[in-house]
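Asker: Take a look and give me a structure for this.
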Amino acid sequence: MVIKHWCKTMGRISTDAIHGHEHKDSLGSHIPPIYLSVIYEYIDYEIGEAVFIDRGNYLRYGREENPTTRALERVVAKLENTEDALAFNSGMAAISTTLLHYLKSGDKIVVPMELYSSTFALLDNLSPKLGIKVAKVWPSAEAIVEAVDSSTSIVFLEVMTNPTNKVIDLEYLYKHLDLDKVVLVVDNTFTTPILVKPVKYGAKLVVHSMTKYFGGHNDVVGGVLAGYRDTIKTLWEWRRMLGGILQPFEAYMILRGVKTLEVRYEKQSRNAQTVAEYLAEHTKVEEVMYPGLTKNPYHSIAKKLFEKPLFGGVLSFRLKGSYNDVITFMKKLKLIKRCPSLGGTESMAVIPSKAAAKFIDPEHRVKLGITDNLVRLSIGLEDVEDIIEDLSQALNF
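Answerer: Okay, the predicted model is just below:
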């Protein structure tokens, strides 16, 4: 057998990120190679047995399992302190598989009204087809608990909302939701397991867009679900049927990226804190939305939940002026890239109302403060002085 298990538990983030794949082969390789084979020979042809994979499946066909992908899944499970994980070819593939499995006619799903807008688009398309109700509530633990009733099957949320960085109190949810009756699914993309491990607060599934901080270099797309072994085993069948497995080259790239997750995330968070403090004092800035600022209304929740004195690498700020002023600012940026996504090595800026938040209901955008003069920054690994210099010259109009 090619795959062996030589380090069952490590326990610390960076060690797990580097060694948690548990791969070692007959050649002594400690780096999981890219297994491009789609087919694997049966050991016992009559009963269809092939090489045994640790999840309890046989390695037979690339739509079902892949050794490189499996190595990444073991790493993610360790980082999130879950029993297992399942990698997909995008974050949306992971989310759609989850919703298709859990939701049935007559069910209600409770979500914050501020959520990744492609998730909203998916729910809006699924609701008439499946006969489900989507309850969009204010992004707070109290509002979520109040909206849950006997028909609710899923609560789906992000720890930190996109793009206004509201922090949802997972501890409150844990104390006030009946998690034996309601499935709590938490998207941990913004905060990563560096800051929060949602299973500690009763989450049955943790979702990541691995395109963001796990991959970390803006060069690979992927998603993942982490959770209990039985749950992952069931969702594995859905992934097999829907064909959403993460391909081996992408798995290899994310395995390479995740090794530096902790050091990257810490620097990006420190850079973001410095940038937020700078913008908070700037005369052209009306408001900065970042929980690392002591005056931010979510600062105390974040301090309570987050396992390190960090607040993530994404911040948003509202420019004093019109949409045209925002366009002027965006066009003047030189170092900071004008593009979507987040979590990569490069700093990036986007206007959420025209991009990531466009599928949020217009009236909800107004309530949430997602205005046309709002800019979201994903802070990268550049020298923070250079990031600030770029912002300074772009704000000089």
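
Asker: so where's the stretch 101-250 of the chain shaky on pLDDT?
Answerer: Of all residues in the stretch 101-250 of the chain, none has pLDDT under 70.

Asker: Mind jotting down where the helices sit in it?
Answerer: Assigned by DSSP state H, counting those that start in this stretch, the helices in the stretch 101-250 of the chain fall at 117-130, 141-147, 170-176, 192-195, 229-242, 248-258.

Asker: which parts of the fifth one are buried?
Answerer: Read that as helix 229-242. 231-232, 235-236, 238-239 (16 or more other CB atoms under 10 Å). No exception for glycine: its C-beta is placed from N, CA and C like everyone else's.

Asker: Give me the helices and strands touching that helix, please.
Answerer: Judged by 3 or more CB pairs under 8 Å, 6 or more residues apart in numbering; DSSP states H and E, helix 229-242 is in contact with strand 84-88, helix 91-102, strand 223-227.

Asker: Same list, the ones you listed, but as JSON lines with mean neighbour count and distance to A280 please.
Answerer: Formatted as JSON lines, the helices and strands packed on helix 229-242 follow (neighbours: other CB atoms under 10 Å; distance: least, CB to CB, whole Å):
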{"stretch": "strand 84-88", "mean neighbour count": "27", "distance to A280": "38"}
{"stretch": "helix 91-102", "mean neighbour count": "22", "distance to A280": "31"}
{"stretch": "strand 223-227", "mean neighbour count": "28", "distance to A280": "34"}
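
Asker: Would you agree H176 is in contact with V145?
Answerer: Yes. With contact defined as CB atoms under 8 Å, H176 and V145 form a contacting pair (4.6 Å).

Asker: quick one: contacts for M330?
Answerer: Taking CB atoms under 8 Å, 6 or more residues apart in numbering as the criterion, M330 is in contact with 338, 349, 351, 375, 394.

Asker: quick check: domain ranges of this protein?
Answerer: Using automatic domain parsing, the domain ranges for the chain come out as 13-258, 261-394.

Asker: coming back round to it: mind putting the helices and strands packed on helix 229-242 into TSV with distance to K320?
Answerer: Formatted as TSV, the helices and strands packed on helix 229-242 follow (distance: least, CB to CB, whole Å):
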stretch	distance to K320
strand 84-88	41
helix 91-102	34
strand 223-227	37
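
Asker: Which one of the helices of the stretch 101-250 of the chain lies nearest to L184?
Answerer: helix 170-176 (6.8 Å; CB to CB).

Asker: Could you give me the buried positions within that closest one?
Answerer: Buried-residue list, helix 170-176, by 16+ other CB under 10 Å: 170, 172-174.

Asker: now, which of these sits nearest V110?
Answerer: Distance to V110, by CB to CB, is smallest for L173 among these, at 10.6 Å.

Asker: Give me the nearest residue to the closest one, chain neighbours excluded.
Answerer: A141 (5.0 Å; CB to CB, 6 or more residues apart in numbering).

Asker: tally of neighbours for that neighbour?
Answerer: Using other CB atoms under 10 Å, A141 is surrounded by 21 other residues.

Asker: I figured it was touching V167, is that so?
Answerer: No. At 9.6 Å, A141 does not count as touching V167 under the criterion of CB under 8 Å.

Asker: measure the residue nearest to T192 when sequence neighbours are not counted to P139 for me?
Answerer: Nearest non-adjacent residue to T192, counting by CB to CB, 6+ apart: Y213, 5.1 Å away. Counting by CB to CB, to the nearest Å, the gap from Y213 to P139 is 21 Å.

Asker: More neighbours: these two, which one.
Answerer: Each of Y213 and P139 has its neighbours counted (other CB under 10 Å); Y213 has more, 28 against 23.

Asker: what separates the more buried one from I327, distance-wise?
Answerer: 29 Å.

Asker: give me every residue that touches V76.
Answerer: Residues counted as contacts of V76 (CB under 8 Å, 6+ apart) are 85, 87, 208, 210, 214, 224, 226, 258.

Asker: Leaving out sequence neighbours, find the closest residue to it.
Answerer: A85 is the one closest to V76 (CB to CB, 6+ apart), at 4.1 Å.

Asker: and that neighbour, what are its bridge partners?
Answerer: On the basis of DSSP bridges, A85 takes part in beta bridges with A226.

Asker: ok, V111 touching F156?
Answerer: Yes. Using CB under 8 Å, V111 is in contact with F156, at 5.0 Å.

Asker: Need the overlap of contacts for the two.
Answerer: By CB under 8 Å, 6+ apart, V111 and F156 have these common neighbours: T119.

Asker: quick one on the thing from earlier: for P297, find the nearest of the helices and strands packed on helix 229-242.
Answerer: helix 91-102 (27.7 Å).

Asker: Give me the angle between the closest one and helix 229-242.
Answerer: With axes from the mean of the first three to the mean of the last three CA atoms, to 10 degrees defining the directions, helix 91-102 sits at 110 degrees from helix 229-242.

Asker: how about the buried residues of helix 170-176 in TSV, adding distance to G321?
Answerer: Formatted as TSV, these follow (distance: CB to CB, whole Å):
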residue	distance to G321
L170	36
Y172	37
L173	38
Y174	42
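
Asker: Just give me the closest of those to A251.
Answerer: Among the buried residues of helix 170-176, and counting by CB to CB, the member closest to A251 is L170, at 28.7 Å.
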